[in-house]
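Enquirer: please find the sequence and the predicted model below.
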Amino acid sequence: MRFSRKFFLLVLVLTLAALVGLQLTTAQDQAPIQIGVAVAQTSNVALLGQEQVIGAQIAEAFFNERGGVNGRPIQLVLQDTAGDEAGAINAFQTLISANVVGILGPTLSQQAFSADPLAEQAGVPVLAPSNTAKGIPEIGEFIARVSAPVAVVAPNAVAAALDINPDIKTVAVFYAQNDAFATSETGTFQETVTARGLTLLPVQTFQTTDTDFSAQITNVLPSNPELVIISGLAADGGNLVKQLRELGYTGLIIGGNGLNTSNVFPVCQALCDGIIIAQAYSYQADTEINRAFVEAYTAGQGKNPPQFSAQAFAGIQVFVEALTRLDNVIPLETLDVAQTRALLNAFILTGRYDTPLGTLTFTRDGEIIQAQFYVAQIDMADDGQTGQFVFIR
Ligand code: 1QQ
């Protein structure tokens, strides 16, 4: 049987129309791809987690405006971890059962060591937005981080302190011994101090729940340290800074990653002034994606974005771009959730991402490879209420 030319054209047009129609309906009608976000929205750790929610939500709007995953929107499923391990475990369990394709979280390394094994067991890719302790990617094949480890970030703060005061000889170190991140970070700080030939005073420990640090402070202040280094979280760390100044310490202070938020300002107020904090992000980084992120963040928040928001944004970006690459090879609608999670993990680890943190790749283990680090110093206004992070390195 021979088809007329006209008939052939008609079939072609109808087929194309059907395809276009299909495309239009799929782009609009497909359910959004759900990505879990498990960070601290309540408790003391919310001082850090709040900034992560903001960064993730900016990413959700930002990437959906740009077409989401090949036309299909993403949707964040937020689950509060609060500040402890039990909260993180609950949040992870809820998200795993809700069939999210992956999880951004939790806020603390201390929580990650408890909650990440659940995701590992369920085969759910996790991107750690702020888990900087040693050993996080090693938790399992499904665990990667967009937060550079303390081992590479923290030494930059010591270098910056020595630039400001080359006469530093004696160093006092304080750390929260009930927190995995603080324990890991102080290890790096202590090694750096010793490697630079400085004298380390007897190390002082506290708990993240402590509010009175006078005993530890009076243990070391008589030895006249020229530098104090604190590894704790925002509330305890801020209070420790405040009490150090009130008890007469006038030298330089390095705060670790747990103090890396303007949410310490209400805690130590004017006495926050001068705290040196290493950074895995700078709002000044001059790349297209960072300029776009800074614009989106400042439009909503009226200030420059902090590291924890940028890392959360980068984590969602990695999910979106890895999902897009996966969908280009195997359409997501042909995969079940277990297949999607497993393939997504493989695509995450093999991608290259131009994020506000710079260009990121991962080792096969899920460790982040990031090129650029910075150091900022807190500059408090005279009113003691407002302040900013000034980049010094
Ligand atoms: C960790 C951290 C925290 C201070 C981030 C909020 O780096 O727990 O690993």
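Expert: Cool, the structure landed.
Enquirer: make it CA atoms for all contacts and neighbour counts henceforth
Expert: Noted.
Enquirer: got any ranges where this protein has weak pLDDT?
Expert: Scanning the chain for pLDDT under 70 picks out 1-29.
Enquirer: in the chain, which residue is most central in space?
Expert: Nearest residue to the geometric centre of the chain (CA atoms, centre = their mean): Pro129, 2.9 Å.
Enquirer: my read is that that one contacts Phe308, right?
Expert: Yes - here Pro129 reaches Phe308: they are 7.4 Å apart, a contact under CA atoms under 8 Å.
Enquirer: so what's in contact with those two at the same time?
Expert: Residues within reach of Pro129 and of Phe308 at once, by CA atoms under 8 Å, 6 or more residues apart in numbering, are Gln52.
Enquirer: now the helices for the chain?
Expert: 5-29, 46-65, 85-97, 109-122, 150-153, 155-164, 180-195, 214-220, 234-246, 265-268, 288-301, 307-329, 337-349 (DSSP state H).
Enquirer: can you give me the buried ones in stretch 346-362?
Expert: 346-349, 352-358, 360-362 (16 or more other CA atoms under 10 Å).
Enquirer: now do stretch 49-60
Expert: By 16+ other CA under 10 Å, the buried positions in stretch 49-60 come out as 49-60.
Enquirer: stretch 113-132 near the ligand at all?
Expert: Yes - legend: contact between stretch 113-132 and the ligand by CA under 6 Å from any ligand atom is shown at 130-132.
Enquirer: what residues does this structure put near the ligand?
Expert: That would be 48, 107-110, 130-133, 181, 233, 257-258, which are the residues of the chain within reach of the ligand (CA under 6 Å from any ligand atom).
Enquirer: and these, which of them are buried?
Expert: Buried members of these, counted by 16+ other CA under 10 Å: 48, 107-110, 130-133, 181, 233, 257-258.
Enquirer: from those residues, which is closest to Ile289?
Expert: Using CA to CA, Ser130 comes nearest to Ile289 of these, at 20.2 Å.
Enquirer: name the nearest residue to the closest one, sequence neighbours excluded.
Expert: Nearest non-adjacent residue to Ser130, counting by CA to CA, 6 or more residues apart in numbering: Ser147, 5.1 Å away.
Enquirer: I figured the one you found hits Thr132, correct?
Expert: Yes - between Ser147 and Thr132 there is a contact under CA under 8 Å: 6.0 Å.
Enquirer: list the contacts for the closest residue to Gly87 other than its chain neighbours?
Expert: Spatial nearest neighbour of Gly87, excluding adjacent residues (CA to CA, 6+ apart): Thr81 at 4.4 Å. Thr81 makes contact with 38-42, 87-91, 106, according to CA under 8 Å, 6+ apart.
Enquirer: just the buried ones from those residues, in ChimeraX syntax?
Expert: Burial among the contacts of Thr81 is assessed by 16+ other CA under 10 Å; the matching ChimeraX selection reads:
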select :38,39,40,41,87,88,89,90,91,106
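Enquirer: quick one: Phe113 and Gly140 touch, right?
Expert: No - when contacts are counted by CA under 8 Å, Phe113 is not listed as touching Gly140 (10.5 Å).
Enquirer: quick one: contacts for Gly55?
Expert: Contacts for Gly55 were tallied using CA under 8 Å, 6+ apart; they are 297, 308-313.
Enquirer: Gln216: neighbouring residues, count only.
Expert: Residue neighbour count, defined by other CA atoms under 10 Å, stands at 16 for Gln216.
Enquirer: that one and Leu104, how far apart?
Expert: Distance from Gln216 to Leu104, counting by CA to CA, to the nearest Å: 36 Å.
Enquirer: swap in Glu138?
Expert: For Glu138, the distance to Leu104 equals 17 Å [CA to CA].
Enquirer: which of those two has more neighbours?
Expert: Neighbour comparison, Glu138 and Leu104: the larger count goes to Leu104, with 30 against 13 (by other CA under 10 Å).
Enquirer: related to what we said a few turns ago, for the residue nearest to Gly87, give its distance to the ligand.
Expert: From Thr81 over to the ligand the distance is 12 Å, taken as CA to the nearest ligand atom, to the nearest Å.
Enquirer: Ala98 now?
Expert: Note on Ala98: its distance to the ligand, by CA to the nearest ligand atom, is 25 Å.
Enquirer: how many residues are close by that residue?
Expert: Using other CA under 10 Å, Ala98 has 13 neighbouring residues.
Enquirer: next one: Gly197
Expert: Neighbourhood size, Gly197 [other CA under 10 Å]: 10.
Enquirer: likewise for Gln177?
Expert: Here the number of neighbours of Gln177 (other CA under 10 Å) works out to 18.
Enquirer: can you name the residues that contact the residue in the stretch 251-393 of the chain positioned nearest to the ligand?
Expert: Closest approach between the stretch 251-393 of the chain and the ligand, counting by CA to the nearest ligand atom: Gly258, at 3.5 Å. Going by CA under 8 Å, 6+ apart, Gly258 touches 48, 182, 231-234, 237.
Enquirer: could you give the backbone dihedrals for the residue nearest to it when sequence neighbours are not counted?
Expert: Of all residues not flanking Gly258 in the chain, Leu233 sits nearest, at 4.1 Å (CA to CA, 6+ apart). Main-chain torsions, Leu233, degrees, to the nearest 10: phi -110, psi -180.
Enquirer: alright, calling it a day.
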